[in-house]
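A.B. asks: Okay, here's the prediction I keep looking at, along with the sequence it came from:
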Amino acid sequence: MILNLETSAEVCSVALSHQGVLIGIREQVQGMKSGTLLTVFIEELLQEHHLRVQDLDAVAVSRGPGSYTGLRIGVSAAKGLCYGAGIPLIAISTLEALTEGYVSTLTPELSSGVICPLIDARRMEVYTAVYDFSGVLCAPARARIVGPGSFDEWLSRGPVHFIGNAVTKCRDALAHPNAVFCDRVMHSARNLPRLSHEAFQQQRFEDIAYFEPFYLKDFMPTQPKASVIHKTH
């Protein structure tokens, strides 16, 4: 029995799974309200299934890349639950989770080429990686500026399925006969159960004391504009 948390983007999502199968979910998909909703969703889901945190076998969290604030909220909650209950912490790549969500929606005849999740960063920058349809990582996670010619090394070989919340802003720049676009795959804890169950079976656990989200880039706070003081004489 695993509690799965996803707060890496605009969604606040909590899913309960058993043996890798989703059995309950709470989520709000817009508004960046993870700070206020996450604890409520966790409590509601556990109460609905008559469980305590101590009854869980592990907590899994989407580790990033993604929103700096969202990742901090999700990882902090997961670490607190695991430490208090003495249960393992599992971390799942946000890019891998998006790929898992996309693959689960496709029929076999459409599953050709590679999958390229695009997570919105800033301007025309994205967090991205490349996976095949069995979930094998073909190109590691990186921050990348998207423009004409981006991903041509993959587009020249065959279909590339672009998914995620940055697809809309990148569609024109990535126009190519082999480009397939899907903006319906959202960040959601419903994408985590199979991956977290697999990690649990393989005992791929994190060190609760030292684990940190995978930001991919250093946090760069927005600098407020300097105020102008007008003196009167």
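C.D. replies: Nice, thanks for sending it over. Since the structure is predicted, the reported quantities are computational estimates derived from the model, not experimental observations.
A.B. asks: Three-state assignment for the nearest residue to residue 152 once chain neighbours are set aside, please.
C.D. replies: Leaving aside its sequence neighbours, residue 152 sits nearest to residue 176 (CB to CB, 6 or more residues apart in numbering; 7.6 Å). C-beta coordinates here come from the backbone N, C-alpha and C atoms, glycine included. The three-state assignment at residue 176 reads coil, by DSSP: H, G, I helix; E, B strand; the rest coil.
A.B. asks: again, but for residue 59
C.D. replies: The three-state label given to residue 59 by three-state DSSP is strand.
A.B. asks: Next, the buried residues of the longest helix along the chain.
C.D. replies: The longest helix of the chain (DSSP state H) is helix 68-85. Neighbour-count burial for helix 68-85 flags 68, 70-75, 77-79, 81-82, 85 (criterion: 16 or more other CB atoms under 10 Å).
A.B. asks: Can you give me every residue that contacts the residue nearest to residue 152?
C.D. replies: Residues in contact with residue 176, defined by CB atoms under 8 Å, 6 or more residues apart in numbering, are 152, 155, 160.
A.B. asks: how close does the first one sit to residue 160?
C.D. replies: If I follow you right, that is residue 152. For residue 152, the distance to residue 160 equals 10 Å [CB to CB, to the nearest Å].
A.B. asks: Of all residues in the chain, which one is nearest the centre?
C.D. replies: For the chain, residue 94 is the residue whose C-alpha lies nearest the centre (CA atoms, centre = their mean; 2.9 Å).
A.B. asks: Quick check, that one in contact with residue 63.
C.D. replies: Yes - Residue 94 is in contact with residue 63 according to CB atoms under 8 Å; the separation is 6.7 Å.
A.B. asks: list residues touching both of the two?
C.D. replies: Joint contacts of residue 94 and residue 63 (CB under 8 Å, 6+ apart) are residue 214.
A.B. asks: Tell me, domain by domain, which residues of this protein belong where.
C.D. replies: Domain assignment of the chain by automatic domain parsing yields the ranges 2-93+187-201, 106-182.
A.B. asks: Out of the ones you listed, which one sits most buried?
C.D. replies: Mean neighbour count (mean count of other CB atoms under 10 Å) peaks for domain 2-93+187-201 among the domains of the chain, with a mean of 20.
A.B. asks: now the strands: where do they sit in the chain?
C.D. replies: For the chain, applying DSSP state E gives strands covering 2-6, 12-18, 21-28, 58-62, 89-92, 114-120, 125-132, 137-145, 160-163, 179-182.
A.B. asks: hmm, who's touching the fifth one?
C.D. replies: When contacts are defined by CB under 8 Å, 6+ apart, strand 89-92 is touched by residues 2, 58-63, 75, 78-79, 82, 192, 195-196, 199-200, 204-206, 208, 211, 214.
A.B. asks: show me where pLDDT drops low in this structure?
C.D. replies: 31-34, 109, 218-233 (pLDDT under 70).
A.B. asks: try 80 this time
C.D. replies: 30-35, 107-111, 217-233 (pLDDT under 80).
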